[in-house]
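A.B. asks: the sequence isn't on hand, but the structure is:
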């Protein structure tokens with residue numbers, strides 16, 4: 001298996017960005033992405049309509065380099081989860097920098113990826129409905145180079161998929177990965193014995209090919225005993241792989257052992273890449289948030305990861321947050337409180353409130369750290385409640401907000417600005433949620 005294609009096709013890339021793309025300044029309305037790049041706009045001086053979501057290009061590039069160094073250091077391949085950004089431009093960056101493939105969560109994601117030209121996809125989910133299965137079968141029939149994998153955790157699901165495929169006349173088997181779960185979690189087998197029953201069922205169906213074992217060890221990444229629970233899930237992946245090799249249940253070719261998540265991917269590489277199961281193995285991790293990272297949950301989890309892996313000269317620098325949402329101070333209605341003009345329609349709060357990470361005084365062009373002691377205590381649709389001293393802020397000041405868990409901020413923006421280190425707009429990327 002070779003690396004993925006390095007050039008994706010966004011069929012809408014040349015279309016103008018119009019008034020439906022919030023944050024685009026009036027001077028750029030109706031222009032193509034390339035034309036907006038040529039304007040050489042500055043975020044703070046060219047009448048952008050705030051709030052505006054921005055990505056910092058130098059940090060994106062540094063985060064990508066760090067992850068590629070990590071993968072080389074620990075001997076794993078990479079199929080980053082595209083649901084974080086749903087951006088063909090950012091996925092193209094990941095493929096260019098060495099990703100083996102890409103991960104999707106739904107068949108809708110797979111359909112989008114295919115329209116962009118992605119040839120290797122792990123659907124980190126199960127095919128249940130006949131409509132979804134038939135669509136996948138048609139893609140496989142139409143493109144002999146389409147390398148597709150999805151999950152299974154029951155003999156019943158395996159039989160249903162096989163029956164649907166039998167009607168489609170597919171000439172090659174569908175690749176399945178046995179999904180490992182945990183008690184109290186979501187899908188996935190709960191024991192090695194249960195997993196072996198499913199594996200035997202898959203191996204007995206000619207329409208299917210068992211190609212490996214999968215888990216999402218990040219399910220418990222914020223739990224007090226998350227490391228231990230993740231290790232147990234990953235150990236079960238290895239145990240199941242070894243048993244399936246012994247019982248010759250895997251299809252010919254290399255075996256995929258894969259873990260996901262953006263908080264414990266070091267444990268996945270440590271455990272999956274350091275066991276001999278008796279066959280050639282490709283270890284694939286599926287972190288999605290590393291590229292943009294965050295200022296909250298993943299920042300905290302990454303510090304734990306650094307302590308686990310210890311000193312490593314080639315991994316100095318680490319991951320940093322590339323995503324910010326800028327908004328203006330709108331009101332200071334009472335002492336100790338100010339209202340900023342962004343809300344839950346603009347920024348995510350599912351894993352914690354946004355946090356102040358930068359400020360620009362009205363009339364200045366130099367971004368400064370925010371004064372300490374200010375916290376976001378609530379969000380309405382378009383208003384953020386900020387509590388703290390507030391004296392140093394003036395009406396109209398710009399404030400940069402960081403996020404915890406970037407996924408639920410990306411899905412609020414049809415396009416995001418990409419800026420350089422001086423906050424000049426060097427690109428615009430589209431998202432497709």
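C.D. replies: Cool, got the structure. The structure displayed is predicted, hence computed values, not measured ones.
A.B. asks: where do the helices sit along this structure?
C.D. replies: 33-39, 57-74, 88-96, 107-116, 130-142, 155-168, 192-203, 226-246, 265-272, 297-309, 407-410 (DSSP state H).
A.B. asks: select, out of the ones you listed, the one closest to residue 382.
C.D. replies: The closest of the helices of the chain to residue 382 is helix 407-410. By Cβ to Cβ, the value is 14.8 Å. Glycine gets a C-beta too; all of them are placed from N, C-alpha and C.
A.B. asks: so where is this protein shaky, pLDDT-wise?
C.D. replies: The model of the chain has pLDDT under 70 over residues 1-6.
A.B. asks: list the residues that contact the residue nearest the centre of it.
C.D. replies: Centrality entry for the chain: nearest residue to the mean C-alpha point is residue 288, 2.5 Å, by Cα atoms, centre = their mean. Listed by Cβ atoms under 8 Å, 6 or more residues apart in numbering, the contact set of residue 288 reads 80, 81, 82, 83, 84, 85, 103, 262, 407.
A.B. asks: from those, which is closest to residue 96?
C.D. replies: Out of those, the member with the shortest distance to residue 96 (by Cβ to Cβ) is residue 80, at 12.1 Å.
A.B. asks: what number of residues lie near the residue nearest to residue 135 when sequence neighbours are not counted?
C.D. replies: Spatial nearest neighbour of residue 135, excluding adjacent residues (Cβ to Cβ, 6 or more residues apart in numbering): residue 107 at 6.3 Å. For residue 107, the neighbour count with other Cβ atoms under 10 Å is 20.
A.B. asks: and residue 107, how far is that from residue 256?
C.D. replies: Between residue 107 and residue 256 the computed distance is 20 Å (Cβ to Cβ, to the nearest Å).
A.B. asks: residue 325 is in contact with residue 358, correct?
C.D. replies: No. Contact criterion Cβ atoms under 8 Å: residue 358 and residue 325 do not qualify, at 10.8 Å.
A.B. asks: of the two, who's got more company?
C.D. replies: residue 325 (27 against 15).
A.B. asks: beta partners of that one?
C.D. replies: residue 53, residue 401 (DSSP bridges).
A.B. asks: wait, it touches residue 51, no?
C.D. replies: Yes. If you go by Cβ under 8 Å, residue 325 and residue 51 touch, sitting 5.6 Å apart.
A.B. asks: so what's in contact with the two at the same time?
C.D. replies: Any residue near both residue 325 and residue 51 by Cβ under 8 Å, 6+ apart counts here, and that gives 342, 346, 347.
A.B. asks: of these, which belong to strands?
C.D. replies: Judged by DSSP state E, strands contain none of these.
A.B. asks: still on that earlier bit, now tabulate the contacts of residue 288 in a markdown table and tack on distance to residue 298 and neighbour count.
C.D. replies: Formatted as a markdown table, the contacts of residue 288 follow (distance: Cβ to Cβ, whole Å; neighbours: other Cβ atoms under 10 Å):
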| residue | distance to residue 298 | neighbour count |
| --- | --- | --- |
| 80 | 14 | 29 |
| 81 | 13 | 24 |
| 82 | 17 | 27 |
| 83 | 15 | 19 |
| 84 | 11 | 23 |
| 85 | 14 | 28 |
| 103 | 17 | 27 |
| 262 | 6 | 28 |
| 407 | 11 | 21 |
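A.B. asks: among the residues you listed, which ones are in strands?
C.D. replies: residue 103.
A.B. asks: domain parsing for the chain?
C.D. replies: 26-56+322-430, 58-315 (automatic domain parsing).
A.B. asks: number of nearby residues for residue 33?
C.D. replies: Residue 33 - counted by other Cβ under 10 Å - has 21 other residues nearby.
A.B. asks: which residues touch it?
C.D. replies: 13, 14, 17, 427, 428, 430.
A.B. asks: report the two of those residues separated the most.
C.D. replies: Counting by Cβ to Cβ, the most remote pair of the contacts of residue 33 is 14 and 427, 14.2 Å apart.
A.B. asks: out of those two, which sits in the more crowded spot?
C.D. replies: Legend: neighbour count by other Cβ under 10 Å for residue 14 and residue 427, higher for residue 427 (16 against 10).
A.B. asks: can I assume the more buried one is in contact with residue 57?
C.D. replies: Yes. Using Cβ under 8 Å, residue 427 is in contact with residue 57, at 7.3 Å.
A.B. asks: overlap in contacts of the two?
C.D. replies: With Cβ under 8 Å, 6+ apart as the test, residue 427 and residue 57 both reach residue 418.
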